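Novice: structure for this input, please:
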Amino acid sequence: MIELLVVIAIIAILTSLGLVGASRLQQSAQKTASVSNLRQIGVLLGAHASDNGNKLPAPRAEPSNGKGGYDQLHWFEALLKIVYPNLSTADWRGDGSWWNKNKPVVRHPLVGQALAPATPSWWQPGYAMNTAIASNLGKGTSFSSSPSGSGPQTYAIPLGLITEPSRTPIVAPRTSWNYTYNAAQLQEPSLTNFLVAGKLTILFVDGHVESMLPADYTSRELDKMPRR
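Specialist: Next comes the predicted model:
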(Lines give C-alpha, C1' and ligand atoms only; values in the text may rest on other atoms or scores of the structure.)
Protein backbone atom coordinates (compact mmCIF):
# COMPACT_ATOMS: atom_id res chain seq x y z
CA MET A 1 0.00 0.00 0.00
CA ILE A 2 2.84 2.39 0.87
CA GLU A 3 4.55 1.65 -2.46
CA LEU A 4 1.29 2.32 -4.31
CA LEU A 5 0.84 5.67 -2.56
CA VAL A 6 4.41 6.61 -3.42
CA VAL A 7 3.82 5.78 -7.09
CA ILE A 8 0.58 7.80 -7.13
CA ALA A 9 2.35 10.76 -5.52
CA ILE A 10 5.16 10.61 -8.09
CA ILE A 11 2.66 10.47 -10.95
CA ALA A 12 0.79 13.48 -9.51
CA ILE A 13 4.01 15.48 -9.22
CA LEU A 14 5.09 14.61 -12.76
CA THR A 15 1.63 15.52 -14.09
CA SER A 16 1.68 18.92 -12.37
CA LEU A 17 5.17 19.60 -13.68
CA GLY A 18 4.01 18.66 -17.17
CA LEU A 19 1.04 21.03 -16.97
CA VAL A 20 3.26 23.88 -15.80
CA GLY A 21 5.70 23.19 -18.62
CA ALA A 22 2.91 23.05 -21.21
CA SER A 23 1.49 26.34 -19.92
CA ARG A 24 4.90 28.03 -20.19
CA LEU A 25 5.38 26.68 -23.70
CA GLN A 26 1.95 27.98 -24.72
CA GLN A 27 2.69 31.41 -23.25
CA SER A 28 6.04 31.48 -25.03
CA ALA A 29 4.38 30.61 -28.36
CA GLN A 30 1.71 33.28 -27.85
CA LYS A 31 4.36 35.90 -27.04
CA THR A 32 6.43 34.90 -30.08
CA ALA A 33 3.38 35.12 -32.36
CA SER A 34 2.38 38.54 -31.01
CA VAL A 35 5.91 39.94 -31.31
CA SER A 36 6.16 38.60 -34.88
CA ASN A 37 2.83 40.17 -35.83
CA LEU A 38 3.80 43.54 -34.38
CA ARG A 39 7.12 43.57 -36.21
CA GLN A 40 5.32 42.88 -39.49
CA ILE A 41 2.80 45.61 -38.68
CA GLY A 42 5.76 47.95 -38.16
CA VAL A 43 7.06 47.09 -41.65
CA LEU A 44 3.62 47.74 -43.15
CA LEU A 45 3.33 51.08 -41.35
CA GLY A 46 6.69 52.06 -42.84
CA ALA A 47 5.53 50.99 -46.30
CA HIS A 48 2.36 53.04 -45.93
CA ALA A 49 4.35 56.10 -44.84
CA SER A 50 6.70 55.73 -47.83
CA ASP A 51 3.73 55.83 -50.22
CA ASN A 52 1.85 58.62 -48.41
CA GLY A 53 4.14 61.59 -47.89
CA ASN A 54 5.96 60.04 -44.90
CA LYS A 55 2.72 59.93 -42.91
CA LEU A 56 1.33 57.11 -40.81
CA PRO A 57 -2.27 56.08 -41.51
CA ALA A 58 -4.89 57.87 -39.46
CA PRO A 59 -6.23 55.65 -36.67
CA ARG A 60 -9.62 56.07 -38.37
CA ALA A 61 -9.77 58.34 -41.38
CA GLU A 62 -13.21 59.89 -41.96
CA PRO A 63 -13.33 61.41 -45.45
CA SER A 64 -16.51 62.88 -46.84
CA ASN A 65 -18.50 60.48 -49.02
CA GLY A 66 -19.94 63.38 -51.05
CA LYS A 67 -23.44 62.61 -49.80
CA GLY A 68 -23.46 64.69 -46.63
CA GLY A 69 -21.93 61.88 -44.59
CA TYR A 70 -18.53 60.32 -44.19
CA ASP A 71 -16.79 57.04 -44.76
CA GLN A 72 -14.41 55.37 -42.36
CA LEU A 73 -11.09 53.65 -42.99
CA HIS A 74 -9.35 52.21 -39.96
CA TRP A 75 -5.57 52.10 -39.73
CA PHE A 76 -5.42 48.32 -40.02
CA GLU A 77 -7.61 48.45 -43.14
CA ALA A 78 -5.04 50.76 -44.76
CA LEU A 79 -2.45 48.05 -44.07
CA LEU A 80 -4.72 45.29 -45.37
CA LYS A 81 -4.96 47.22 -48.63
CA ILE A 82 -1.18 46.87 -48.96
CA VAL A 83 -1.20 43.12 -48.32
CA TYR A 84 -4.39 42.40 -50.29
CA PRO A 85 -4.43 45.03 -53.07
CA ASN A 86 -7.14 43.22 -55.03
CA LEU A 87 -9.66 43.19 -52.18
CA SER A 88 -12.08 45.89 -51.06
CA THR A 89 -13.16 46.79 -47.54
CA ALA A 90 -16.37 44.80 -48.11
CA ASP A 91 -14.30 41.62 -48.35
CA TRP A 92 -13.16 41.76 -44.72
CA ARG A 93 -16.08 43.64 -43.20
CA GLY A 94 -18.65 41.07 -42.28
CA ASP A 95 -19.23 38.13 -39.99
CA GLY A 96 -15.58 37.43 -39.27
CA SER A 97 -15.21 34.47 -41.61
CA TRP A 98 -12.58 36.26 -43.73
CA TRP A 99 -10.48 36.90 -40.63
CA ASN A 100 -10.75 33.31 -39.43
CA LYS A 101 -9.73 32.00 -42.83
CA ASN A 102 -6.83 34.35 -43.60
CA LYS A 103 -5.51 35.18 -40.11
CA PRO A 104 -3.84 38.45 -41.19
CA VAL A 105 -0.99 39.89 -39.11
CA VAL A 106 -3.19 42.79 -38.00
CA ARG A 107 -5.23 40.34 -35.93
CA HIS A 108 -3.91 39.43 -32.48
CA PRO A 109 -3.19 35.68 -32.11
CA LEU A 110 -5.21 35.54 -28.86
CA VAL A 111 -8.38 36.83 -30.52
CA GLY A 112 -10.81 33.95 -30.78
CA GLN A 113 -9.01 32.04 -28.02
CA ALA A 114 -9.24 34.20 -24.93
CA LEU A 115 -11.67 36.92 -25.93
CA ALA A 116 -15.42 36.91 -25.66
CA PRO A 117 -17.18 36.77 -28.03
CA ALA A 118 -14.97 34.20 -29.73
CA THR A 119 -15.55 35.93 -33.07
CA PRO A 120 -15.40 39.71 -32.45
CA SER A 121 -16.51 42.36 -34.90
CA TRP A 122 -14.25 43.07 -37.87
CA TRP A 123 -13.25 46.41 -36.33
CA GLN A 124 -11.88 44.64 -33.23
CA PRO A 125 -8.74 42.92 -34.52
CA GLY A 126 -7.09 42.85 -31.10
CA TYR A 127 -4.46 45.41 -32.03
CA ALA A 128 -5.15 49.11 -31.59
CA MET A 129 -3.46 52.29 -32.76
CA ASN A 130 -2.33 54.99 -30.33
CA THR A 131 -4.57 58.06 -30.66
CA ALA A 132 -2.68 59.76 -27.81
CA ILE A 133 0.07 60.57 -30.32
CA ALA A 134 -2.17 63.04 -32.15
CA SER A 135 -3.50 64.48 -28.89
CA ASN A 136 0.03 64.93 -27.51
CA LEU A 137 0.93 66.77 -30.72
CA GLY A 138 -2.01 69.13 -30.16
CA LYS A 139 -4.26 67.65 -32.84
CA GLY A 140 -7.39 67.35 -30.73
CA THR A 141 -8.28 65.62 -27.50
CA SER A 142 -11.90 64.61 -28.11
CA PHE A 143 -13.35 62.61 -30.98
CA SER A 144 -15.36 64.47 -33.59
CA SER A 145 -16.90 62.46 -36.42
CA SER A 146 -18.11 64.39 -39.43
CA PRO A 147 -17.37 64.84 -43.13
CA SER A 148 -14.49 67.01 -41.94
CA GLY A 149 -13.66 64.97 -38.84
CA SER A 150 -11.28 66.82 -36.54
CA GLY A 151 -10.72 64.38 -33.70
CA PRO A 152 -7.32 62.79 -33.00
CA GLN A 153 -8.50 59.61 -34.71
CA THR A 154 -8.59 61.38 -38.08
CA TYR A 155 -5.04 62.73 -38.05
CA ALA A 156 -2.45 61.08 -40.33
CA ILE A 157 0.71 61.64 -38.30
CA PRO A 158 3.81 62.91 -40.15
CA LEU A 159 6.80 60.88 -38.97
CA GLY A 160 8.86 64.06 -38.94
CA LEU A 161 6.89 65.33 -35.93
CA ILE A 162 7.87 62.34 -33.81
CA THR A 163 11.24 63.33 -32.42
CA GLU A 164 11.71 60.22 -30.25
CA PRO A 165 10.41 57.28 -32.31
CA SER A 166 12.11 54.73 -30.04
CA ARG A 167 10.06 56.02 -27.08
CA THR A 168 6.76 56.55 -28.88
CA PRO A 169 4.35 53.57 -28.82
CA ILE A 170 2.18 53.16 -31.91
CA VAL A 171 0.33 49.81 -31.76
CA ALA A 172 -0.70 47.74 -28.73
CA PRO A 173 -3.31 45.11 -27.79
CA ARG A 174 -6.88 46.18 -27.00
CA THR A 175 -10.42 45.06 -27.85
CA SER A 176 -10.91 48.09 -30.09
CA TRP A 177 -9.19 49.82 -33.00
CA ASN A 178 -7.68 52.64 -30.90
CA TYR A 179 -6.11 53.15 -27.49
CA THR A 180 -4.51 55.77 -25.26
CA TYR A 181 -3.57 53.52 -22.31
CA ASN A 182 -4.57 56.08 -19.73
CA ALA A 183 -5.17 54.88 -16.17
CA ALA A 184 -8.75 53.80 -16.93
CA GLN A 185 -7.85 51.77 -20.02
CA LEU A 186 -5.02 50.00 -18.24
CA GLN A 187 -7.60 48.77 -15.70
CA GLU A 188 -9.98 47.35 -18.32
CA PRO A 189 -10.77 43.71 -17.42
CA SER A 190 -10.59 42.73 -21.10
CA LEU A 191 -6.96 43.86 -21.25
CA THR A 192 -5.95 40.89 -19.11
CA ASN A 193 -6.93 38.64 -22.03
CA PHE A 194 -3.92 39.96 -23.94
CA LEU A 195 -1.35 39.51 -21.19
CA VAL A 196 1.34 36.92 -21.85
CA ALA A 197 3.15 36.05 -18.63
CA GLY A 198 1.57 39.18 -17.18
CA LYS A 199 2.99 41.47 -19.86
CA LEU A 200 1.81 43.41 -22.92
CA THR A 201 3.66 43.54 -26.23
CA ILE A 202 4.03 47.07 -27.61
CA LEU A 203 5.19 48.26 -31.04
CA PHE A 204 7.11 51.55 -31.15
CA VAL A 205 7.35 53.97 -34.06
CA ASP A 206 10.95 53.00 -34.81
CA GLY A 207 9.80 49.39 -35.38
CA HIS A 208 11.08 47.69 -32.24
CA VAL A 209 8.79 45.68 -29.96
CA GLU A 210 8.88 45.50 -26.15
CA SER A 211 7.06 43.38 -23.57
CA MET A 212 6.20 45.23 -20.38
CA LEU A 213 3.94 45.20 -17.36
CA PRO A 214 0.84 47.39 -17.86
CA ALA A 215 2.01 49.66 -15.02
CA ASP A 216 5.32 50.22 -16.81
CA TYR A 217 3.50 52.01 -19.62
CA THR A 218 2.56 54.98 -17.45
CA SER A 219 5.56 54.82 -15.09
CA ARG A 220 7.80 55.33 -18.14
CA GLU A 221 5.44 58.14 -19.26
CA LEU A 222 4.88 56.46 -22.61
CA ASP A 223 1.34 57.82 -22.56
CA LYS A 224 2.81 61.32 -22.84
CA MET A 225 4.87 60.57 -25.97
CA PRO A 226 5.66 62.17 -28.28
CA ARG A 227 6.47 65.42 -26.54
CA ARG A 228 6.11 68.65 -28.48
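Novice: C-alpha from now on. contacts and neighbour counts both.
Specialist: Will do.
Novice: show me where the protein dips below the pLDDT cut-off.
Specialist: Residues of the chain meeting the criterion pLDDT under 70: 1-31, 64-70, 113-119, 141-150.
Novice: show me the strands in it, by range?
Specialist: 60-61, 73-74, 127-130, 169-173, 178-179, 200-204, 209-212 (DSSP state E).
Novice: save those strands as JSON lines, and put in distance to residue 187 too.
Specialist: Listed next are the strands of the chain as JSON lines, based on distance: least, C-alpha to C-alpha, whole Å:
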{"stretch": "strand 60-61", "distance to residue 187": "24"}
{"stretch": "strand 73-74", "distance to residue 187": "25"}
{"stretch": "strand 127-130", "distance to residue 187": "16"}
{"stretch": "strand 169-173", "distance to residue 187": "13"}
{"stretch": "strand 178-179", "distance to residue 187": "13"}
{"stretch": "strand 200-204", "distance to residue 187": "13"}
{"stretch": "strand 209-212", "distance to residue 187": "15"}
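Novice: turn these into CSV, including mean neighbour count and distance to residue 107.
Specialist: Shown next, in CSV, are the strands of the chain (neighbours: other C-alpha atoms under 10 Å; distance: least, C-alpha to C-alpha, whole Å):
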stretch, mean neighbour count, distance to residue 107
strand 60-61, 25, 17
strand 73-74, 18, 13
strand 127-130, 26, 6
strand 169-173, 25, 10
strand 178-179, 24, 14
strand 200-204, 23, 14
strand 209-212, 17, 16
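Novice: looking at those, which is nearest to residue 189?
Specialist: For these, proximity to residue 189 was assessed by C-alpha to C-alpha; strand 169-173 is nearest, at 12.8 Å.
Novice: need the contact list for the most centrally placed residue in the chain.
Specialist: Nearest to the mean C-alpha position of the chain, by C-alpha atoms, centre = their mean, lies residue 127 at 1.9 Å. Shown in contact with residue 127 (C-alpha atoms under 8 Å, 6 or more residues apart in numbering): 106, 107, 108, 171, 172, 173, 174, 175, 176, 177, 178.
Novice: show me what residue 199 is bridged to.
Specialist: residue 196 (DSSP bridges).
Novice: which ones are touching it?
Specialist: Going by C-alpha under 8 Å, 6+ apart, the list of residues near residue 199 reads 211, 212, 213, 214.
Novice: setting aside sequence neighbours, what's the nearest residue to the residue nearest to the centre of the chain?
Specialist: residue 173 (4.4 Å; C-alpha to C-alpha, 6 or more residues apart in numbering).
Novice: quick check: the gap between that neighbour and residue 51.
Specialist: 26 Å (C-alpha to C-alpha, to the nearest Å).
Novice: quick revisit: what would the contacts of residue 199 look like in JSON lines with distance to residue 82?
Specialist: Shown next, in JSON lines, are these (distance: C-alpha to C-alpha, whole Å):
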{"residue": "211", "distance to residue 82": "27"}
{"residue": "212", "distance to residue 82": "30"}
{"residue": "213", "distance to residue 82": "32"}
{"residue": "214", "distance to residue 82": "31"}
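Novice: identify the farthest-apart pair in those residues.
Specialist: 211 and 214 (9.3 Å).
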